[in-house]
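[1] Pasting a predicted model and its sequence here:
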Amino acid sequence: MNARSVAAAHGWAWILAGFRLFLQSPAQWVGVLVVLFVAMKLVNYLPLLALLAVLLMPVFLAGLMDGCRALTEGQRLEFAHLLSGFRHNATHLVTLGGIYLVGNLLILMIVVQIGGEAFSTIAGTLAKSGSVPPEQSQEMQAAATSVTRAALIGAALSLPLLMALWFAPLLTFFQDMKPLPALKASFIGCLRNILPMSVYGLVILAALIVLVPFGLRIGLYDLGLWLIAPVLVPSIYASYRDIYVASATDAPA
């Protein structure tokens, strides 16, 4: 599946296209995403179900993308679209979920190996006194450096995994690609469009900077992400269409 390169401004156009798709069926979007949000919160109380939810996330994402396709074809978004991924290439989609899970576990193991002890040192010191004693300042500075290094390495390792998985569920669902070719095509598509993807990512980051503190105040650390989901989710479909489906002369509507 060939991915075309588009201009940096398309990153903003994907956000606008996602917003227009949301406006076509706002009540249904909110309803579908609230159901998914509540389901994710409930399964988090049971570790085995939480792992299952990670495996099934590409399946649900494919269903939401099928809902986006329905909207572009003049149809309605329905709750049944959430289950569309179970009816087409479900095994491949679950495999993508497994790759995401294993990849993140490996990255977490590397991060813990590099900075886990330093993080424990910082947490233990602050838990005891609430501040850093002068005699431990050098030790804490070294620990902070180690934690920062571990976080940067984790981010560097996570980015290629995110690029490989970003479009992979859509390519698997819509183009019938198997997991490994879909991962490769997704990575190449993101790499060829690093500028519009950067613009797109900065817009999402700006929204999260505004909304995440609100979620933290009420104890829901991921609330900011869910609040932008009604635009974020259809914008993923818009970017997929622009990069993999549109002709070279097309631009987002």
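    Arrived safely, thanks for sending. Numbers count the residues shown, from 1 in each chain.

[2] So what touches stretch 218-227?
    Residues outside stretch 218-227 that contact it (CB atoms under 8 Å, 6 or more residues apart in numbering): 33, 37, 207-208, 210-212, 214-215, 232. Yep, even glycine has a C-beta here, placed from its N, CA and C like the rest.

[3] So what's the gap between that stretch and the chain middle?
    Offset of stretch 218-227 from its chain centre (CA atoms, centre = their mean, to the nearest Å): 14 Å.

[4] Renumber starting at 856 from here on
    Renumbered: residue one is now 856, and that last one reads stretch 1073-1082.

[5] That stretch: which residues count as buried?
    1075, 1078-1082 (16 or more other CB atoms under 10 Å).

[6] Next, format the residues you listed as JSON lines and append distance to residue 967.
    What follows is the buried residues of stretch 1073-1082, written out as JSON lines (distance: CB to CB, whole Å):
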{"residue": "1075", "distance to residue 967": "25"}
{"residue": "1078", "distance to residue 967": "26"}
{"residue": "1079", "distance to residue 967": "26"}
{"residue": "1080", "distance to residue 967": "24"}
{"residue": "1081", "distance to residue 967": "27"}
{"residue": "1082", "distance to residue 967": "30"}
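
[7] out of those, who's nearest residue 1032?
    Using CB to CB, residue 1080 comes nearest to residue 1032 of these, at 26.8 Å.

[8] any idea which element the closest one lies in?
    Here residue 1080 sits within helix 1078-1095, counting by DSSP states H and E.

[9] give me every residue that touches residue 862.
    Contact analysis of residue 862 by CB under 8 Å, 6+ apart lists 1050-1051.

[10] how near is it to residue 1083?
    Distance of residue 862 to residue 1083, computed by CB to CB, to the nearest Å: 23 Å.
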